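Student: got a predicted structure plus its sequence, pasted below:
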2 protein chains.
Amino acid sequence: MKLSHLVGERLKETPSGATLKSHILMLRAGYIKQVSAGIFSMLPPAQRVSEKVQKIIREEMDALGGQEVLFPVVMPRELWELSGRYNSIQEELLRFKDRTGHDMLLGMTHEEAAVHMVMNTVKSHEQLPCMIYQIQTKYRDEARPRGGLIRVKEFLMKDAYSFHTSQEDLDVYYNKVFDAYNRIYKRIGLKNFISVKSDNGIMGGKVADEFMLVTDNGEDRLVLCDKCGYKANMEVASGVKTASSTEIGGEIEEVFTGNAKTIDEVCHFLEISPENTVKAVCYVTDEDKLVVAFLRGTYDVNEKKLMKICRSNIKPADTDKFGLVAGNIGCVNLTVPEDAIVVYDTSIVNMENFVTGANKEDYHLKNVSASRDLKDVVFNDIALVQEGDCCVNCGERLTLTRGIEIGNIFQLGTKYTKTMGMKVSMPDGSMMEPIMGCYGIGVGRAIASIVEEKGDEKGIVWPMTVAPWHVHFCPLRLDDENVSAVSDELYKRMLDAGIEVLYDDRQVSAGVKLTDSELMGMPIRVVISPKTMAQGVAEVTMRESGETNFIPLSDLLSELKAIIDDEISEIEK
Amino acid sequence: MKLSHLVGERLKETPSGATLKSHILMLRAGYIKQVSAGIFSMLPPAQRVSEKVQKIIREEMDALGGQEVLFPVVMPRELWELSGRYNSIQEELLRFKDRTGHDMLLGMTHEEAAVHMVMNTVKSHEQLPCMIYQIQTKYRDEARPRGGLIRVKEFLMKDAYSFHTSQEDLDVYYNKVFDAYNRIYKRIGLKNFISVKSDNGIMGGKVADEFMLVTDNGEDRLVLCDKCGYKANMEVASGVKTASSTEIGGEIEEVFTGNAKTIDEVCHFLEISPENTVKAVCYVTDEDKLVVAFLRGTYDVNEKKLMKICRSNIKPADTDKFGLVAGNIGCVNLTVPEDAIVVYDTSIVNMENFVTGANKEDYHLKNVSASRDLKDVVFNDIALVQEGDCCVNCGERLTLTRGIEIGNIFQLGTKYTKTMGMKVSMPDGSMMEPIMGCYGIGVGRAIASIVEEKGDEKGIVWPMTVAPWHVHFCPLRLDDENVSAVSDELYKRMLDAGIEVLYDDRQVSAGVKLTDSELMGMPIRVVISPKTMAQGVAEVTMRESGETNFIPLSDLLSELKAIIDDEISEIEK
């Protein structure tokens, strides 16, 4: 490809509104262009990366016996009503009416379409397990798209669905997919990725793993144990909370705290540490039942965990409505409606001599003791893990970090086959609803993650396996006829040799050429100039290491091929 | 692939509602499954064909210097308002609101997105010509989807957009694309396709060609001259109309025709031939102006042509509203509003001694003469070509046939670059709006067209270049351990040799296996059985010709590879 005709431009400045590295670099280097909030066009170099990433994904899915299919982007309401998702999913599911007034939607995943395809066409246990997958455009009406390709509305995704006659069979297959996912990330050149146990949220089912690129810029919070290897998304992570106060104080005493309502204010007023307080956080369920969660003052509620205990979505409560005294709610002598759910976090266990609200305007209680005053209470883990908590498996201090989700795999159980009525015949003549797994990777987000992990202050750094072109060929002084002739000839020879090359055939300064090549991120840069030609060499620089070698022009093609092959083998080994 | 695990089923019966050959066969053979009217899932074999067709399209686009990109499926109203298409396109453009109430739409083509991508990123004439293309899902809210993949709402399409600094440059490029399209259809195995001049309708611009699969089942009517090669879609075709009456009759005479209103009724009443009548067809424009079209009684109005003359869309008129006498409207002494448009078709030229309405209830005029009574009239060609008309180029009788549109290419002019404000700098420092071409192929329709052209009473017949698998391997009597062992071994060896093979590993009757293989349409069927094994041979049958050869098992792999390579070369030569 000649750079002079490549569609796209290179920008010096950070485009306004972009803050994430991959977003900035992909805009600046001419890979993506925003069409609407969270909706991007992919320019030619990005599409080339995408094709290579897709090829690797296909190879791994095919190796698992996956059968590639294509489901529709637009689906009818009826299909999604079978599974219940038409009503259960909120606004991120885009619903609309077609010209005949029929309710339709834009697919954000394709469980229903997958079951629709296999039901009646897969009828016997002998045909299972089977896995179908597609690589296709999805739409999720994201409330706050951001970060370029990291959180978008429209995205290209590989989604796969497997069907099994037993949980054991699913477990075996699930683990194979797990391994394939690790291979995919390795093959596209990522290094710093991990898998964590996750919440399977609205997808139903039990077991779920997320693959995460570990990066400070990630939106997801991760909890890791460096000793035993425990890894979990914050949403599902548990930790052992260290003890706070341990000695029982005196009798419970009511103290005036006036306008001090928040933990900070109360601690300041009473000159105590938040460690020695128990706070209340109030919610209501979908059925408008009150939920009061008590935790040690230093902890925050993990709403996902709390929802599981309440078996409902929850949202912040209007405490007045339930007769509670906001800012003075406490875990002793609390009066709540009969159907209210009161939950005590495990951070309160063993707490002695703490302060909590007096359930009375302007007053708190001090000297409260969990062992004495909360005798009949059942404690649940409803807190977000925090710095200082220890591993539930091995007791080691947990590490908190951040990550970008780059893929997820779920065991779906029979949620979809049961609701949609898909059955296969078993050897004994009985019928069973197959057990499903589903497996997703966002292609665009995977690409952005590569930029996120490997990009540096100069620009993008592509791994050889997915680079749009292997070589960025920058002849300097193309106004020199000799350079120009040799460059054209070299370009042609590289193409003939099967080397993917981006040829900067513009008559611009060396500065512009070299800066552009660093920004665009091809793994190898080849420079020739009157000076190198006088010596019969080309300057070959590796983008990632910055290492430069001068290679005789006569050996250039074979050297380049060797470097390309070596790098690909190194990544894929 | 083992057939036992292939997702999809084979059906004996024609599914209800399917009438078109490709629709019936693709449903029966397990290639497609309907999700909603005009919306299909592609099962694994169809997806394999699709990938091969896409690969051929990509190769041809890349050979033209095309740069593959990806535009969004969902676009914002604002982008389409720039070109005016947001308002000008009717209900087939699906519009909806996203969760924030923003007006969005589903792309049916991507001219606006293409200009959006290149504007500001392609700034100089030096970067032109350039062509960008994508292969991506489109949605057109089709009022009457039908015929399986032939007329759908959602479809995969390759759409390409080129940009030029002069009409000459576009002409040269357009012709190259024209040639590439011919190569694409040839390479995917079509034989009976042609290109015809077409109407570029809502796309704007001037030159347009459609590629058509010639078939009686086509929705489009085509006009061909076997002598000089004239080819046109009925929508734009012209013909030389043969003369009807030639002798001037007597004076115009008013005759009572009573309830005879239609041409048939009047002819029956007066005992004359429709050849000797002139009828009126009435429309109104968008601005509610009356349009009266006069034609020889045997011709029908070509509304596309009439619209061009009226420079407006037209719809049938309520003649009463304009004071006309329906059924008695004639071309002599017609009284119409001042702003009415009265158009006379060229079929009336030279007509003498004809009957037309008297513009008076219950009466017609006879003995009307074009040369005498329509002296000052300008004649326009506004009729649909019909059987018997002759070629405007060479005078030969025209042939009328039908076709399925399998692709179209347009010269768009500056419609989009002008309205969207895209300019490039020219050598003299001036700025110009690039001239565009656009080029589309529907992937699904191309696949269905192959089935339409080559399918027979037994099923689908795939050309080797796009077949899901080259070989359908049908071992008979797999209950025989010897057959089973040899089959498994042969399957493995075929895979190792790079032969794409569908292995019917089911223990079902020979009848079922052979019928299924004919229905599914792989180019080569290989049968082994205890009988062939005893002779050390395999039975190799070509699906298209039905030719069978018995090939020694020792030569089988090399023979198969030779057949595959030969067939591919034969198609692609």
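Tutor: That came through, no problem. The shown structure was predicted, so the numbers you read here are calculated from the model rather than taken from an experiment.

Student: ramachandran angles for A:Ile450?
Tutor: Dihedral pair for A:Ile450: phi -60, psi -50, per degrees, to the nearest 10.

Student: got the residue ranges for the helices in the stretch 201-350 of chain A?
Tutor: In the stretch 201-350 of chain A, the segments counted as helices under DSSP state H, counting those that start in this stretch are A:263-270, A:303-310.

Student: so what's the residue of the stretch 351-500 of chain A found nearest chain B up against?
Tutor: At 9.3 Å from chain B, A:Gly444 is the closest residue in the stretch 351-500 of chain A, using Cβ to the nearest Cβ. Where you see a C-beta, it was placed from the backbone N, CA and C, and this is true even at glycine. Contacts of A:Gly444 were listed using Cβ atoms under 8 Å, 6 or more residues apart in numbering or on different chains, and they are A:Phe40, A:Met42, A:Ser50, A:Leu149, A:Val152, A:Phe155, A:Leu156.

Student: secondary structure element for the third one, which one?
Tutor: I take that to be A:Ser50. Counting by DSSP states H and E, the element that carries A:Ser50 is helix A:44-63.

Student: which parts of that helix are buried?
Tutor: A:44-50, A:52-54, A:56-58, A:60-61 (16 or more other Cβ atoms under 10 Å in any protein chain shown).

Student: repeat for stretch A:23-37
Tutor: A:23-37.

Student: so how far is chain B from A:Ala160?
Tutor: 12 Å (Cβ to the nearest Cβ, to the nearest Å).

Student: measure that residue to A:Arg58 for me?
Tutor: Separation of A:Ala160 from A:Arg58 (Cβ to Cβ, to the nearest Å) stands at 11 Å.

Student: same question, A:Cys331
Tutor: 56 Å.

Student: about what we covered before: of the buried residues of helix A:44-63, just say which sits nearest to B:Glu219.
Tutor: Set against B:Glu219, the nearest of those by Cβ to Cβ is A:Gln47 (33.5 Å).

Student: all strands for the stretch 151-300 of chain A, in order.
Tutor: Remark: strands assigned in the stretch 151-300 of chain A by DSSP state E, counting those that start in this stretch are A:154-164, A:193-197, A:208-214, A:220-224, A:231-233, A:253-256, A:277-285, A:290-296.

Student: who does the third one pair up with?
Tutor: Spelled out, that is strand A:208-214. Sheet pairing of strand A:208-214 (DSSP bridges) gives strand A:193-197 (antiparallel), strand A:399-413 (antiparallel).

Student: if I pick A:Val152, what's in contact with it?
Tutor: With Cβ under 8 Å, 6+ apart, A:Val152 has these contacts: A:Gly38, A:Ile39, A:Phe40, A:Glu142, A:Pro145, A:Gly444.

Student: what does A:Arg48 give?
Tutor: With Cβ under 8 Å, 6+ apart, A:Arg48 has these contacts: A:Pro468, A:Trp469, B:Glu68.

Student: so the second one sits in a strand?
Tutor: Spelled out, it's A:Trp469. No: in this structure, A:Trp469 is coil, not part of a strand, as judged by DSSP: H, G, I helix; E, B strand; the rest coil.

Student: contacting residues around whichever residue of the stretch 151-300 of chain A sits closest to chain B?
Tutor: Closest approach between the stretch 151-300 of chain A and chain B, counting by Cβ to the nearest Cβ: A:Glu154, at 5.2 Å. By Cβ under 8 Å, 6+ apart, the contact list for A:Glu154 reads A:Gly38, A:Ile39, A:Phe40, A:Thr137, A:Lys138, A:Tyr139, B:Pro72, B:Val73, B:Val74.

Student: quick one: the fifth one and A:Met157 touch, right?
Tutor: Spelled out, it's A:Lys138. Yes: here A:Lys138 reaches A:Met157: they are 4.9 Å apart, a contact under Cβ atoms under 8 Å.

Student: find the closest residue to chain B in the stretch 451-573 of chain A.
Tutor: Closest point on the stretch 451-573 of chain A to chain B, by Cβ to the nearest Cβ, is A:Arg506, at 8.6 Å.

Student: what's the neighbour count on that residue?
Tutor: Residues near A:Arg506, counting by other Cβ atoms under 10 Å in any protein chain shown, number 17.

Student: I appreciate the help and will end here.
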